[in-house]
Each structure stands twice: as C-alpha cells, then as structure tokens.
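J.: Dropping a prediction and its sequence here:
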Amino acid sequence: MNSDIKEVLVSEEEINETIQRLGKQLTEEYQGKNPLLVCILRGAAMFMMDLVKSLDFKMEYDFMDVSSYGGENTVTTGDVRIIKDLDTSVRDRDVVIVEDIIDTGYTLDRLVELFESRHAKSIKLVSFLDKPARRIKHVKVDYIGVEIPDEFVVGYGMDYDEHYRNLPYVGVLKPEVYSTK
Ligand SMILES: O=P(O)(O)OC[C@H]1O[C@H](OP(=O)(O)OP(=O)(O)O)[C@H](O)[C@@H]1O
Ligand SMILES: [Mg+2]
C-alpha cells in the first residue's frame with residue numbers, strides 16, 4: 001500500500017464487483033438505445049474505462065473536462081468551469097453522465113442543467129462514489145457504486161493536488177500529508 005495512505009475505503013476487489021453490478025444494470029436499461037456516455041475528466045477517467053468494458057449494448061462515448069476543486073483544495077469553490085466541452089451533440093440523445101464521485105453535487109447539478117438546455121432526450125447519472133454527508137445540491141443519481149463517509153478520498157482516478165489518481169484502490173490520506181504541504 002502507498003505509504004501516504006491511512007486507510008483503504010474501497011479495495012480493488014470491491015471496485016471490480018461494483019463495476020460488474022453497475023454494468024449489468026446499465027445493460028438492462030440501455031438495450032437498443034445507443035446512448036452517449038459522457039465521462040467527466042479527469043477524475044472519472046479510470047472508472048469510465050472499466051465501466052464501458054462491462055456494458056453489452058451499442059453506445060458511444062465522449063469526454064468533457066470540468067473542474068471546481070483545483071490545486072490543494074479539498075473543498076469545492078462551487079464555481080464549476082468547463083475546461084473542455086464535448087465534441088458530440090447531445091440533442092435528442094439519451095445521455096449518461098459518468099462521474100467518479102458526487103460530493104456537494106455542484107458538478108452534476110451544473111451538468112444536468114447544461115444538457116437540459118442542449119435538449120438531451122434523457123439524462124441519467126452514474127457515480128462510482130457517493131458522499132451524501134456533504135451534499136448541497138440534491139441531484140438524483142440513478143446509479144451509485146459505493147457510499148462513503150465524510151472523508152476526502154484519493155485513488156482510482158481521484159486526486160489530492162493532482163497526485164494519487166493512479167492508485168488502484170480508494171483510500172484516505174494520512175493527516176500529515178496535508179499538513180506538510
Ligand atoms: O459534487 P462535487 O462537490 O461537485 O464534487 C465532485 C467533483 O469534484 C471532482 O472533480 P474536480 O473538479 O476536482 O476535477 P477532477 O475530476 O479533474 O479532479 C470529482 O471528480 C467530481 O467531478
Ligand atoms: Mg471530476
């Protein structure tokens with residue numbers, strides 16, 4: 001285990017089981033619908049690439065980069081900025097937004113509003129992690145992987161100051177990692 005990690009919250013095994021379960025649920029829902037899966041960079045990249053391999057239906061995917069935490073922040077600025085937009089039109093498409101984590105809900109709330117304004121046919125949300133304790137915007141997430149407690153987590157795509165995204169599990173950092181920054 002990485003020496004900066006205090007505790008593993010979601011192991012590689014639990015990640016794999018979660019992907020299989022979500023893949024089955026989405027495969028039931030989207031049979032014959034050709035949805036557009038939208039990966040929200042950068043955090044959701046690892047989850048997205050595992051998830052799509054477990055889907056057994058015709059689909060397309062695209063990427064969008066939004067950010068509201070940035071740098072050493074473990075608290076959102078609430079200002080969700082679009083850094084890279086989609087290349088694909090969502091008009092009249094069944095859209096599935098794929099996120100690594102829903103925390104305050106600002107990011108997903110903003111994206112749902114955006115895709116509604118662009119006339120998506122339907123919008124559903126998939127989030128690998130759910131941290132309900134910190135919710136401010138009460139967005140309905142249709143598919144949730146794992147619910148976690150109120151801790152700032154890293155790994156499996158998620159970062160602290162851009163590091164730790166490559167860890168194959170989700171963990172909590174030791175407090176000294178923040179204090180020595
Ligand atoms: O529910 P919220 O409070 O909005 O938080 C969740 C969002 O914050 C993180 O992204 P971030 O903006 O840090 O960018 P990143 O994905 O590039 O790390 C995370 O990947 C989610 O997209
Ligand atoms: Mg993100």
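T.: Yep, it's here. Numbering: from 1, shown residues only. Ligands and ions are numbered 1, 2, ... in the order given.
J.: and the residue of the chain found nearest ligand 1, what does it touch?
T.: Nearest residue of the chain to ligand 1: residue 43, at 2.6 Å (CB to the nearest ligand atom). All C-beta atoms are positioned from the backbone trio N, CA, C, and that covers glycine. When contacts are counted by CB atoms under 8 Å, 6 or more residues apart in numbering, residue 43 touches 99-101, 157-159, 165.
J.: Now neighbour count too, for those, in a markdown table please.
T.: Shown next, in a markdown table, are the contacts of residue 43 (neighbours: other CB atoms under 10 Å):
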| residue | neighbour count |
| --- | --- |
| 99 | 26 |
| 100 | 25 |
| 101 | 23 |
| 157 | 25 |
| 158 | 23 |
| 159 | 16 |
| 165 | 17 |
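J.: Return only those of those residues found close to ligand 1.
T.: Contacts with ligand 1 within the contacts of residue 43, counted by CB under 6 Å from any ligand atom: 99-101, 159.
J.: is ligand 1 contacted by stretch 113-128?
T.: No. Against ligand 1, stretch 113-128 shows no contacts by CB under 6 Å from any ligand atom, the least distance being 8.5 Å.
J.: Other residues contacting that stretch?
T.: 18, 22, 26, 29, 38, 44, 47, 51, 82, 89-102, 108, 112, 139-146, 156-157.
J.: Go ahead and confirm residue 103 touches residue 76.
T.: Yes. Contact criterion CB atoms under 8 Å: residue 103 and residue 76 qualify, at 6.9 Å.
J.: Which positions in stretch 164-172 come out as buried?
T.: 164-165, 167, 169-172 (16 or more other CB atoms under 10 Å).
J.: in the chain, which spans are strands?
T.: 5-10, 36-41, 60-67, 81-84, 94-102, 122-130, 143-147, 153-154, 170-173 (DSSP state E).
J.: mind giving me JSON lines with those and columns for mean pLDDT?
T.: Putting these into JSON lines (pLDDT from 0 to 100) gives the following:
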{"stretch": "strand 5-10", "mean pLDDT": "97"}
{"stretch": "strand 36-41", "mean pLDDT": "98"}
{"stretch": "strand 60-67", "mean pLDDT": "95"}
{"stretch": "strand 81-84", "mean pLDDT": "92"}
{"stretch": "strand 94-102", "mean pLDDT": "98"}
{"stretch": "strand 122-130", "mean pLDDT": "98"}
{"stretch": "strand 143-147", "mean pLDDT": "98"}
{"stretch": "strand 153-154", "mean pLDDT": "98"}
{"stretch": "strand 170-173", "mean pLDDT": "97"}
